[in-house]
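# build the 3D model from these lines:
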Amino acid sequence: MRVVNIGEARTHLSCLVRAAAEGEPFVIARAGKPLVKVVALDAPEPHSRIGFMAGEISVPDDFGGMGADEIGATFSGNN
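Residues are numbered from 1 along each chain as shown. Alright, predicted model coming up:
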């Protein structure tokens, strides 16, 4: 994705907005730090990958305590 400095964005705003409206989003940055992302209003929302494997895997009931003895021994110096 194209990153433009705020000064460049100010100078070329109409061209940048036209490109974004045609499906080429861009990021405006100040001193190299990204500030905003410009996308077309009708651009599809990015889809979330959260839950994409729902029902495909299972987590053991003792997951939160797995390896607790080994981890404790490592940090207490009793390994």
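# low-confidence stretches in this structure?
By pLDDT under 70, the weakly predicted segments of the chain are 78-79.
# please, where are all the helices along it?
Here the chain has its helices, by DSSP state H, at 6-11, 13-21, 68-76.
# quick one: which of those is nearest residue 42?
Across the helices of the chain, residue 42 has its closest neighbour in helix 13-21 (8.6 Å, Cβ to Cβ). Where C-beta positions appear, they are placed from N, C-alpha and C, glycine not excepted.
# show me what that closest one is packed against.
Here helix 13-21 touches strand 26-30, strand 33-38, going by 3 or more Cβ pairs under 8 Å, 6 or more residues apart in numbering; DSSP states H and E.
# turn those into TSV, columns for distance to residue 50 and mean neighbour count.
Shown next, in TSV, are those (distance: least, Cβ to Cβ, whole Å; neighbours: other Cβ atoms under 10 Å):
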stretch	distance to residue 50	mean neighbour count
strand 26-30	24	16
strand 33-38	20	12
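# so which of those strands gets nearest residue 48?
The nearest among these, by Cβ to Cβ, is strand 33-38 at 16.8 Å.
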